[in-house]
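> okay, here's the prediction I keep looking at, along with the sequence it came from:
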Number of protein chains: 4
Amino acid sequence: MTHPFLDLAPLSAAHFAAVERRVAGLLATEADVVIMQGEALLPLEGCVRGGARPGSTALNIVTGPYGQTFGNWLRDCGAEVVDLAVPFHTAVTADQVAEALAAHPGTDFVSLVHAEAATGNTNPVAAIGEVVRAHGALFMLDAVASVGAEPLLPDAWGVDLCVIGAQKAMGGPAGVSAVSVSERAWERLAANPRAPRRSYLSLLDWKERWIDAGRTVLPHAPAQLEMLALEACVERIEREGLAAVTARHASAAAATRAGVLALGGGFGPYVEDARDAAPVATTLRAPAGVDAASLVARALSADPSLPLVAGGGALAGEMIRVNHYGADATRGAVLSSLTALGSALAEHGRQVDVEAARSAVSETWPSE
Amino acid sequence: MTHPFLDLAPLSAAHFAAVERRVAGLLATEADVVIMQGEALLPLEGCVRGGARPGSTALNIVTGPYGQTFGNWLRDCGAEVVDLAVPFHTAVTADQVAEALAAHPGTDFVSLVHAEAATGNTNPVAAIGEVVRAHGALFMLDAVASVGAEPLLPDAWGVDLCVIGAQKAMGGPAGVSAVSVSERAWERLAANPRAPRRSYLSLLDWKERWIDAGRTVLPHAPAQLEMLALEACVERIEREGLAAVTARHASAAAATRAGVLALGGGFGPYVEDARDAAPVATTLRAPAGVDAASLVARALSADPSLPLVAGGGALAGEMIRVNHYGADATRGAVLSSLTALGSALAEHGRQVDVEAARSAVSETWPSE
Amino acid sequence: MTHPFLDLAPLSAAHFAAVERRVAGLLATEADVVIMQGEALLPLEGCVRGGARPGSTALNIVTGPYGQTFGNWLRDCGAEVVDLAVPFHTAVTADQVAEALAAHPGTDFVSLVHAEAATGNTNPVAAIGEVVRAHGALFMLDAVASVGAEPLLPDAWGVDLCVIGAQKAMGGPAGVSAVSVSERAWERLAANPRAPRRSYLSLLDWKERWIDAGRTVLPHAPAQLEMLALEACVERIEREGLAAVTARHASAAAATRAGVLALGGGFGPYVEDARDAAPVATTLRAPAGVDAASLVARALSADPSLPLVAGGGALAGEMIRVNHYGADATRGAVLSSLTALGSALAEHGRQVDVEAARSAVSETWPSE
Amino acid sequence: MTHPFLDLAPLSAAHFAAVERRVAGLLATEADVVIMQGEALLPLEGCVRGGARPGSTALNIVTGPYGQTFGNWLRDCGAEVVDLAVPFHTAVTADQVAEALAAHPGTDFVSLVHAEAATGNTNPVAAIGEVVRAHGALFMLDAVASVGAEPLLPDAWGVDLCVIGAQKAMGGPAGVSAVSVSERAWERLAANPRAPRRSYLSLLDWKERWIDAGRTVLPHAPAQLEMLALEACVERIEREGLAAVTARHASAAAATRAGVLALGGGFGPYVEDARDAAPVATTLRAPAGVDAASLVARALSADPSLPLVAGGGALAGEMIRVNHYGADATRGAVLSSLTALGSALAEHGRQVDVEAARSAVSETWPSE
């Protein structure tokens, strides 16, 4: 007999459905929620391939690196793609989206990333959703880096396909992910002869075999351990309160920004306007003449567990990212991160004021 | 600080690569092994969509229900599909395959299920592989229900794409799965302009971003808990010895078959020739006039944990499956299953000899 | 960062206190509950050494092997010990206890085992408690094998020191255990100059340093994993319902007894009167001429996971115990145990009727 | 069936014995090792009550708070107790011990704490052991706070009873603990008529029922989860290498001391001579006029996970302890601790140089 503490009954269909409902509660959505058995890229790809087709015109809003991935998928599907790209240190505005839609009146699909983990900006989804809804296009949102970190209300905002993963602010597993699907989205997918069917990518399979069949038999064996981890992390968020969790992330972002400004030494926030800064992570410009990667390496040599990452790709050498999500959305993590960056910069011969940075953090985010 | 017993470091690329190597060892293969982050349907679909294309001719060998799934995928890809279907209570023979290839000389893709969990038969892959290799076609094998239960030697047998999952005889998780890919298969996929690329389905993505890039950065966050569970189950098989594990499954199958024959009451093995019977599960024909589903329900009412399943689909009402894989590949599970079936049948008014069945099990599979 | 699913915060004093309250709920007691950091022998020893002293007269009721252990401890403490021993195949009666107390009016301590896991009998604690309370002695009960298996109401029954462990019917861990302590018991211990103080055995230490100090600082680091396992198993019992859990054990005992009688072959229940039989386990007499240990070995060779044990000590060779507690309190486990014993006996050349035994089980304990 | 990843076979006697051997390896001892099923106070109490008796003279060396506990136990046993107390900010010397033994030639028992977690000092056990062995007394060592943090060689040093727990530098569980017992110690216990027997406190029980009986049947059900956690932490130490683990603790202590001296602000090490400072934790004197408890509270308000503790008892208000053991024996933890203390002191209006402190840490303990 196995020990009761570690006893793990097989995941029943009813249990799976209960996790779905719990995730729907987190999103305050009345729409169907599908929990897909793979990383969030799986439902994102399923949404694009289900929603776009030859003859579609897609407005692909590019505010970070994932925009390119979505554009590639859209082109693969034969859609005409209009890329609306803004500099990564700003957010897109609803006006820009409205203009683009006016210029391309045939647009029937809009893709947007809510918060960009890599570049640290966040976009005004409520306002954009109003514009997209007025236009009548299907609206897909990648909310992996915003769920749990900031308000996310797909129904109120008119989001048709809202994709989330638990690995950022939710502090959960990466191996399963979820998407809410509006009635309009189901109709659109069903009408698309090229939408994935009988495929691991298919949302329609889940609708037919699982939802419409009464949620009694799972289409295939689920990733049981990841499902349990997802349930556990939603439960933890419910216990703390979703509002408290997002408030914690907002405080972490504000405190980091204030601390960086007080630290001096040439550091500055990468996202220029604080209102565009994502609560999930704060991106910084490395001081002129200082290589971001070596600065991060020096800071991590003191404490490899700090949530600091050097920018990659086009931003290599210039950008530093302070992650403050999940278990790192604490004053302690923010203080340690700024102190370590300050020390590393001081070793580099720059003048920094670590005490001022720590005070700014404490003032912006007082302990209760 | 968390407790050391439950401490879980993030899954590094090196750790991921080590699990790959361990799985390769289990398959005795020199080929690349890709561990895909989803159920085994994911790599199976990736193999078919990567290997087939318009202009392809595919020989789809149908010895159970999955053959139909593969046929659908192949047709989706635009391939000309030749279905070689045999009755589900027998195996296909290498001669039948040779004949079909001779009749369709343009065949460039062959798909086969090694062991059929649903119908209880297993196919002679070594002999079939020789025929397919002589013909020159790409050979894809679904080995989910055979790995761990019977010998599986993709390199020796000329299997180009060998897909496994851990949820049957390996006694492991269902949320990740693996495929070995021969050099020929990589070339074939690379030459297919319609092979999935930049997609959750794509094997080529894993080749380019992971294998060819030196296995240093994972393409996306893995299903960490399922990966650890996979590693743990391979480790357990290594400790027991793969030969011992497959021998245990072979004994379970032989003992179940012998027990059923001794039990009487009208039961009979569904797979007629013992050589065609899969070690993973034994399928039975319900006695004439007895409904399989209600017989199973009665047997399970005594002990719901018994590994008994009533057949579905076309076999509903007629077939009963005794699963004896993983933790159920034991004499105890076999004895309990046969006793419960015998009792249920006796309650039905049939004459059965439970003691004879138990003795037959013990003789066929003596305790050490 | 560790994975949220396995994340384990240190066990706080508040959490420890919450587990205490939960255990108190299980015992329906208003008394203090102390969770001691060791196997149940630890609080049992602490109770005896705290309650007895030179000058004490202790009535030690011996209905199984633990009675001897308690007698040794009592003598160690300098108490005058009166052993009231009854044959192990019966229960003691309240009249016998009343008689013994009348014969030894100075008795100030009574020790009793509620249910005997080794010999399979259970004692009428409610009636005995009334007698002991009328006499005025302190009443200690070892309820390790009864808690979760049958009603246990220390307050209603006048039990002053009620010791439990989770490793039997509760299906929980063995490494921590608990005792409820009445006000009278606390006074008695406090008045005993030889009661353990400043000792791992001491109940008074827990009172002074933990309970009276407001349960804010634990006296020493607890066995955290065992505490969590204890909490988990109480939670599981709450979910199923304590009444349902004890009913399941009662059914298992009744079904086992009925099955053995129907099986024939010379088997018989060891505890003669069904009303004296403990719900935790059913003890059997091996048929004349058959060695109990080899019969059990034969039955286990078919399925080593069956909950069958051969008697030890004076009962070696003669007694067989069918455990049906915790996860084994199921019809399936009872059926498998009886079938395996029947088969083993048949191999021994005895006439048994396994089908009749299985029918008797099913009739006594119908599936819902 | 439960999931293989979490599958937990019952702890066998052989497995228990294997953990014992592994712990013996960690202590480099040929003596018997007994793993007791409780916190380290359990074997410590068992050793004292087994080794001392009326007529004994015990030299109780008091270098921290535990000395008082041992003295109480020794007096309880009827021993004549000679307390050799030194100020807590120093270590005892072998000369002081030799003098005390010369003054009390009848001494037959010596008790010593190796490293004091509460006061931060460590004692020269090798030299003391030589003196004690020459005198012929039994030598008991409390090594809970030294095992894993500094060299510990009971056989080479002549320690007869060496008690360890895993909850400090080993980074393991607190619910089970171990003691190595020399042949001399066994003889001494066996000759003591008052040594605990048939008791949870008894070492002799474990010798008779477990060791001498061939380690085939455990005396009672063990705390299985804690045993597995103990095994896991020893395994982790073996993987890192015991020498590397103790070196990490030594570096943490040296770096903390250097950092405090560079920080200024009135802080100073509590243990005056660096050679007397324990690798497990560094104790500090709070600056004059600053309350230690409120300073620690302020530092923890920034990051409650920091390993900082205010002194208790007689040292309340004055002492601060920086724990750097187990998972906190890292440069990052040391840096964060000193930075937080420096900031808290700066908020108090004191002049501190956090950067100098951080540099001193980095110089004393360079990253590899």
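Thanks, I have the structure now.
> low-confidence regions, chain A specifically.
A:1-9, A:368 (pLDDT under 70).
> ok, 80 please
Counting by pLDDT under 80, chain A contains low-confidence residues at A:1-10, A:367-368.
> give me the longest helix you can find in it.
helix A:242-263 (DSSP state H).
> how about that helix, does it get close to chain D?
No: Helix A:242-263 is not in contact with chain D by C-beta under 8 Å from any C-beta of the partner chain; minimum separation 10.7 Å. (Glycine included, C-beta is placed from N, CA and C.)
> partner strands of the helix or strand following that helix, parallel or antiparallel?
Next helix or strand after helix A:242-263 toward the C-terminus (DSSP states H and E): strand A:268-269. Take DSSP bridges as the rule and strand A:268-269 pairs in its sheet with strand A:281-285 (antiparallel).
> who are the packing partners of the longest helix of chain A?
Here helix A:242-263 touches strand A:268-269, strand A:281-285, helix A:331-347, helix A:354-364, going by 3 or more C-beta pairs under 8 Å, 6 or more residues apart in numbering or on different chains; DSSP states H and E.
> how far off helix D:354-364 does the longest one point, in degrees?
Orientation of helix A:331-347 against helix D:354-364 (axes from the mean of the first three to the mean of the last three C-alpha atoms, to 10 degrees) gives an angle of 80 degrees.
> helix A:331-347 to helix A:242-263, inter-axis angle?
20 degrees.
> sorry, back to before: is it possible to get TSV of the helices and strands packed on helix A:242-263 that adds mean neighbour count?
Supplementary listing: the helices and strands packed on helix A:242-263 in TSV, determined by neighbours: other C-beta atoms under 10 Å in any protein chain shown:
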stretch	mean neighbour count
strand A:268-269	17
strand A:281-285	26
helix A:331-347	25
helix A:354-364	22
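> is it possible to get CSV of the ones you listed that adds distance to residue D:153?
As requested, these are exported to CSV (distance: least, C-beta to C-beta, whole Å):
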stretch, distance to residue D:153
strand A:268-269, 55
strand A:281-285, 49
helix A:331-347, 37
helix A:354-364, 43
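> just so I know, which of those lies nearest residue D:106?
helix A:331-347 (55.3 Å; C-beta to C-beta).
> wondering if that closest one reaches chain D at all.
Yes: against chain D, helix A:331-347 shows contacts by C-beta under 8 Å from any C-beta at A:331-333, A:335-336, A:339-340, A:343, A:346-347.
> is that helix anywhere near chain B?
No: applying C-beta under 8 Å from any C-beta, one finds helix A:331-347 separated from chain B by no less than 13.4 Å.
> how about the CA coordinates for that helix, as PDB?
C-alpha atoms of helix A:331-347 as PDB (Å, rounded to 0.1, in the frame of the first residue of the first chain):
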ATOM      1  CA  ARG A 331       9.700  43.300  -1.500                       C
ATOM      2  CA  GLY A 332      12.600  41.100  -0.600                       C
ATOM      3  CA  ALA A 333      13.200  39.900  -4.100                       C
ATOM      4  CA  VAL A 334      12.900  43.500  -5.400                       C
ATOM      5  CA  LEU A 335      15.400  44.800  -2.800                       C
ATOM      6  CA  SER A 336      17.900  42.000  -3.400                       C
ATOM      7  CA  SER A 337      17.700  42.500  -7.200                       C
ATOM      8  CA  LEU A 338      18.300  46.200  -7.000                       C
ATOM      9  CA  THR A 339      21.000  45.900  -4.400                       C
ATOM     10  CA  ALA A 340      22.800  43.300  -6.500                       C
ATOM     11  CA  LEU A 341      22.600  45.400  -9.600                       C
ATOM     12  CA  GLY A 342      23.800  48.400  -7.700                       C
ATOM     13  CA  SER A 343      26.800  46.600  -6.300                       C
ATOM     14  CA  ALA A 344      27.700  45.100  -9.700                       C
ATOM     15  CA  LEU A 345      27.600  48.600 -11.200                       C
ATOM     16  CA  ALA A 346      29.700  50.000  -8.300                       C
ATOM     17  CA  GLU A 347      32.300  47.300  -9.000                       C
END
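> output the contacting helices and strands for it.
Contacts defined by 3+ C-beta pairs under 8 Å, 6+ apart place helix A:331-347 against helix A:242-263, helix A:292-302, strand A:308-310, strand A:319-323, helix A:354-364, helix D:292-302, helix D:331-347, helix D:354-364.
> possible to save the ones you listed as TSV with distance to residue D:126?
Conversion of the helices and strands packed on helix A:331-347 to TSV gives the following (distance: least, C-beta to C-beta, whole Å):
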stretch	distance to residue D:126
helix A:242-263	49
helix A:292-302	35
strand A:308-310	44
strand A:319-323	48
helix A:354-364	43
helix D:292-302	33
helix D:331-347	27
helix D:354-364	25
